[in-house]
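Undergrad: Quick one, structure for this:
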Amino acid sequence: MYDTVYNNLSAPFKDTYSTAMACKSERPSACQCNRDPVNSILFRMLNSEVTPEANSQQGYHQYSCNSTGGCPCEGNKKVVLKNSESICKKASEVLLKTVAFIKNVPSFYQLPQEDQILLIHKCWAPLFVLGLAQERVDFEWKELSVPSLLKKILLNQSSNVGDTTVRPDAGVPFRDVQRMRMLLHKLWSLDICTKEYAYLKGMVLFNPGISGIRYPQYVQTLQLEAQQTLMEFTSMTHSRSHTRFTWMLEAVDIVKAIDSKMITELFFRPVSGIINLEKVLLETLLINH
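TA: Here you go, the predicted structure:
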């Protein structure tokens, strides 16, 4: 299955797809630190009152690898933005332009409000990523420092003490950020113009595959209209239109998989704290409209 899908992809997107499949196939059990530290010699030397027979389950759950709790292994490391203030400001500007794009699509507001809510819920993050690509917002990240098991034992540290420690839900998975940045660079390599971005956004916004939509046929019609317009435009402006158009379709499929929680945590939580970004978007796009 993997080989079939991989071979059907165009060259610019094979690396991105390979990274996505590699991340998907990883399991926490494959982590090299996923072992019981209570049975280690060092642990027993530092904690003579603990034996392998006593409290082994408690020790395991406290120190074993947990992919959601800041495991130091390469596949589970968490990252945050470098220069978060300036990047988050640019991200906020992109989000405002994303909202403006949706507001300027009359056919979106012809749908019942239930369908509008579902489309915003599923599509705002992919639209935002296309906005990052269009505005060429590049960024760097830094790894969150997680205290080692030995340091915790020697200093009797909890997971939220000191400058080098972080809250359990801080940061985003490195592999997700890396995959998104690879996608941005693929889009930049295509040198997509403003009109092409508008058609791509239309294809992303009108997604008939979202569960629960009342009028999927109408949504599909709007998506096909954007797709047809994009194909006609590329055929007029580029001699190798078929290849270029195929690359763009593949980019749309990849960008749809972007996680909105990752976007919120990476670009908006550093400056806005804990906010319900989706609620703000719904109020801006629906209630105020």
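Undergrad: So which residues of the stretch 51-200 of the chain form helices?
TA: 56-63, 84-103, 106-109, 113-134, 149-155, 174-190, 194-205 (DSSP state H, counting those that start in this stretch).
Undergrad: Give me the buried positions along the longest one.
TA: It stands for helix 113-134. By neighbour count on 16 or more other Cβ atoms under 10 Å, the buried set for helix 113-134 is 115-120, 122-134. Where C-beta positions appear, they are placed from N, C-alpha and C, glycine not excepted.
Undergrad: Which other helices and strands does it contact?
TA: Applying 3 or more Cβ pairs under 8 Å, 6 or more residues apart in numbering; DSSP states H and E, one finds that helix 113-134 makes contact with helix 84-103, helix 106-109, helix 174-190, helix 194-205, helix 241-255, helix 260-267, helix 277-282.
Undergrad: In JSON lines: the helices of the stretch 51-200 of the chain, plus distance to Leu282 and mean pLDDT.
TA: Output for the helices of the stretch 51-200 of the chain, formatted as JSON lines (distance: least, Cβ to Cβ, whole Å; pLDDT from 0 to 100):
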{"stretch": "helix 56-63", "distance to Leu282": "39", "mean pLDDT": "41"}
{"stretch": "helix 84-103", "distance to Leu282": "11", "mean pLDDT": "93"}
{"stretch": "helix 106-109", "distance to Leu282": "13", "mean pLDDT": "95"}
{"stretch": "helix 113-134", "distance to Leu282": "6", "mean pLDDT": "96"}
{"stretch": "helix 149-155", "distance to Leu282": "42", "mean pLDDT": "61"}
{"stretch": "helix 174-190", "distance to Leu282": "24", "mean pLDDT": "92"}
{"stretch": "helix 194-205", "distance to Leu282": "15", "mean pLDDT": "97"}
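Undergrad: could I get those helices as a markdown table with distance to Gln220?
TA: Converted to a markdown table, the helices of the stretch 51-200 of the chain look like this (distance: least, Cβ to Cβ, whole Å):
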| stretch | distance to Gln220 |
| --- | --- |
| helix 56-63 | 48 |
| helix 84-103 | 18 |
| helix 106-109 | 12 |
| helix 113-134 | 12 |
| helix 149-155 | 53 |
| helix 174-190 | 24 |
| helix 194-205 | 11 |
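Undergrad: So which of these is nearest Ala251?
TA: helix 174-190 (5.9 Å; Cβ to Cβ).
Undergrad: by how many degrees do that closest one and helix 241-255 diverge?
TA: 160 degrees (axes from the mean of the first three to the mean of the last three Cα atoms, to 10 degrees).
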